[in-house]
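Asker: Fold the stuff below for me.
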Amino acid sequence: MELKVWVDGALRVVCGLSQNTSCQDVVISLAQAIGQTGRYVLIMKVRGTERPLVADECPLQQLVQLGQLASEVQFILRRNGSVLRNGPQEEEISAVK
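Answerer: Below is the predicted model:
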């Protein structure tokens with residue numbers, strides 16, 4: 001499965017996810033793909049309300065729990081710390097799991 005995540009104003013697609021892929025796995029995949037180090041948090045935004053996901057939460061399970069509201073969800077990767085740019089950006093990213 002895949003997850004669409006907004007990163008620095010660009011929509012990224014993380015591929016290869018399962019129901020058990022954690023938020024931490026998604027964050028690591030995205031940070032590596034954009035070539036930036038630092039601290040990140042994955043935000044789940046539904047109808048204007050933002051909620052940070054903890055490392056062991058599974059984004060796809062969150063979507064299932066929301067049912068019909070799942071189509072209104074946006075995931076956003078937000079940086080919380082210092083940044084070092086290491087490489088080019090990629091549009092499609094494979095998850096760790």
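
Asker: can you give me the helices in the chain?
Answerer: 23-34, 59-66 (DSSP state H).

Asker: right, so of those, which gets closest to residue 78?
Answerer: Residue 78 lies closest to helix 23-34 among those, at 9.9 Å (CB to CB). For every residue, glycine as well, the C-beta is placed using N, CA and C.

Asker: by contact count, what packs against the closest one?
Answerer: strand 2-7, strand 10-15, strand 40-46, strand 73-79, strand 92-94 (3 or more CB pairs under 8 Å, 6 or more residues apart in numbering; DSSP states H and E).

Asker: Tell me the buried residues in that helix?
Answerer: 23-27, 29-34 (16 or more other CB atoms under 10 Å).

Asker: got it, and stretch 2-10?
Answerer: Buried residues in stretch 2-10, counting neighbours by 16+ other CB under 10 Å, are found at 3, 5, 7.

Asker: The residues you listed into JSON lines, with extra columns for distance to residue 72 and pLDDT?
Answerer: What follows is the buried residues of stretch 2-10, written out as JSON lines (distance: CB to CB, whole Å; pLDDT from 0 to 100):
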{"residue": "3", "distance to residue 72": "15", "pLDDT": "95"}
{"residue": "5", "distance to residue 72": "15", "pLDDT": "97"}
{"residue": "7", "distance to residue 72": "20", "pLDDT": "94"}
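
Asker: Return the member of those residues nearest to residue 57.
Answerer: residue 3 (12.5 Å).

Asker: Relative to residue 11, how far out is that closest one?
Answerer: Using CB to CB, to the nearest Å, we find residue 3 at a distance of 11 Å from residue 11.

Asker: Can you say which of the helices and strands packed on helix 23-34 is nearest to residue 60?
Answerer: strand 2-7 (6.8 Å).

Asker: Is residue 45 bridged to anything, and to what?
Answerer: Using DSSP bridges, the bridge partners assigned to residue 45 are residue 50, residue 74.

Asker: Quick check: it touching residue 69?
Answerer: No - look at residue 45 against residue 69 with CB atoms under 8 Å: they stay out of range, at 11.4 Å.
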